[in-house]
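Peer 1: fold the following.
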Amino acid sequence: MKIAIRQAMPQDVKIVSDILCEAARWLDQNGMSLWKVGELSPSNIADDVEASLFYLAECDGKAAGTVRYQLEDLLFWPDAQQEESAFIHRLAVRRDFAGGHVSSKLLQWAVERTRSLGRRYLRLDCEALRPRLRAIYECFGFRHHSDKQVGPYFVARYEYEVVKSF
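Peer 2: Residues are numbered from 1 along each chain as shown. Model (predicted):
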């Protein structure tokens, strides 16, 4: 299976939304609600897609996963030096492609992109009370940074040191 990562284009809004909504429904069905399906509608994510924040993972030409990659996150990381970091959110994979290969490829792509931009850290957050998800990030190499209450969300914040300091 060949996995390629590309920037989502405006015409991909529905595809990105479908992937996110499928993941949200699966999480809901398994008692792990995270995102509200309505907030993932095409109209609610179109601005982020048009701002070039979303990327798609394609397996043999089929849309398999998505991630939002950004260079600033003042909501979840207001205390981080923004210019030394990149941030990922809303990583999701279609159920047909579940199993780790697509998510690992998206994470590796984000690390490489962060490195190419000369940023020191790739940062993310996840629901603090999801030990299996946290273990996935830790096994990949992310280090727990801190926990933080952000509005209604209690999140664990993680960072991956991409460019070592001297």
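
Peer 1: secondary structure class for the closest residue to residue 117 other than its chain neighbours?
Peer 2: Spatial nearest neighbour of residue 117, chain neighbours left out: residue 86 (6.6 Å); criterion: C-beta to C-beta, 6 or more residues apart in numbering. The C-beta positions use only the backbone N, C-alpha and C, and glycine is treated the same way. Three-state call for residue 86 (DSSP: H, G, I helix; E, B strand; the rest coil): strand.

Peer 1: what sits against residue 86?
Peer 2: Listed by C-beta atoms under 8 Å, 6 or more residues apart in numbering, the contact partners of residue 86 are 69, 70, 71, 110, 113, 114, 117, 119, 121, 122, 123.

Peer 1: who's it bridged to?
Peer 2: With DSSP bridges applied, residue 86 shows beta-bridge pairing to residue 122.

Peer 1: check what pLDDT it gets.
Peer 2: On pLDDT, residue 86 comes in at 98.

Peer 1: for residue 70, give the beta-bridge partners.
Peer 2: Counting by DSSP bridges, residue 70 is bridged to residue 87.

Peer 1: ok, which stretches of this structure are helices?
Peer 2: 13-29, 42-50, 101-116, 131-140 (DSSP state H).

Peer 1: could those helices be laid out in a markdown table, adding distance to residue 1, mean pLDDT and mean neighbour count?
Peer 2: As requested, the helices of the chain are exported to a markdown table (distance: least, C-beta to C-beta, whole Å; pLDDT from 0 to 100; neighbours: other C-beta atoms under 10 Å):
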| stretch | distance to residue 1 | mean pLDDT | mean neighbour count |
| --- | --- | --- | --- |
| helix 13-29 | 17 | 91 | 19 |
| helix 42-50 | 25 | 95 | 16 |
| helix 101-116 | 7 | 96 | 18 |
| helix 131-140 | 19 | 92 | 14 |
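
Peer 1: which one, of those, ends up nearest to residue 92?
Peer 2: Proximity to residue 92 (C-beta to C-beta) singles out helix 13-29 among the helices of the chain, at 3.7 Å.

Peer 1: tell me the helices and strands packed up against the closest one.
Peer 2: Judged by 3 or more C-beta pairs under 8 Å, 6 or more residues apart in numbering; DSSP states H and E, helix 13-29 is in contact with helix 42-50, strand 54-59, strand 62-70, strand 85-93.

Peer 1: ok, residues contacting the shortest one?
Peer 2: Defining contact as C-beta under 8 Å, 6+ apart, one finds that strand 54-59 is touched by 1-8, 12, 15-16, 19, 45, 48, 63-69, 90, 93, 97, 102, 105-106, 109.

Peer 1: just checking: what are the partner strands of it?
Peer 2: Partners of strand 54-59 in its sheet, by DSSP bridges: strand 3-7 (antiparallel), strand 62-70 (antiparallel).
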